[in-house]
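S.K.: Sequence below, structure please.
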Amino acid sequence: MSPLFVTALLFGLTFSQTASLCAPSEYIIHVEKRECAYCLAINTTICAGFCMTRDSNGKKLLLKSALSQNVCTYKEMLYQTALIPGCPHHTIPYYSYPVAVSCKCGKCNTDYSDCVHEKVRTNYCTKPQK
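M.R.: Coordinates of the predicted model:
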């Protein structure tokens, strides 16, 4: 093998690993309940970033297992609970939310992830923040 080919191969293998920039990222969740007087802004971490995928243009030539479209998803997570202020006594004032500890590139699991990217902004408060 030529030295140029070996160098290109090593560069490609190295770059493909570093190009997957999937990591915990800071995110603010806005939480409110109809019965409660305030909206709560919660700082947490989510999995976000770029994962290498395979081009599906050759799908007639490749096996289905070779056509995986990976997403940045949770490897490890834990749940924390916050108290929403201004709730009446008959309302449960707690909200549990995920915190990404580590992330990986893999298939999206709809049991705990939203696998659809919507362009509609829904993460905002309609009540005063506390």
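S.K.: out of everything not next to it in sequence, what's closest to Ala48?
M.R.: Spatially, and ignoring its direct neighbours in sequence, Ala48 is nearest to Ser25 (4.1 Å; CB to CB, 6 or more residues apart in numbering). Glycine gets a C-beta too; all of them are placed from N, C-alpha and C.
S.K.: so how far is Lys130 from that neighbour?
M.R.: Going from Ser25 to Lys130 by CB to CB, to the nearest Å gives 25 Å.
S.K.: Quick one: name whatever helix or strand follows the helix-or-strand element of the chain with minimal mean pLDDT.
M.R.: Sorted by mean pLDDT, DSSP states H and E, the helices and strands of the chain end with helix 3-18, the least confident at a mean of 50. Next along the chain after helix 3-18, taking DSSP states H and E as the criterion, comes strand 22-31.
S.K.: show me where pLDDT drops low in the protein?
M.R.: 1-20, 54-68, 112-122 (pLDDT under 70).
S.K.: which stretches of it form strands?
M.R.: 22-31, 40-49, 71-83, 94-106 (DSSP state E).
S.K.: can you put those in CSV and add distance to Asn123 and mean neighbour count?
M.R.: Output for the strands of the chain, formatted as CSV (distance: least, CB to CB, whole Å; neighbours: other CB atoms under 10 Å):
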stretch, distance to Asn123, mean neighbour count
strand 22-31, 5, 15
strand 40-49, 10, 16
strand 71-83, 15, 15
strand 94-106, 12, 16
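S.K.: between those, which gets nearest to Thr126?
M.R.: strand 22-31 (9.1 Å; CB to CB).
S.K.: list the helices and strands that closest one packs on?
M.R.: strand 40-49, strand 71-83, strand 94-106 (3 or more CB pairs under 8 Å, 6 or more residues apart in numbering; DSSP states H and E).
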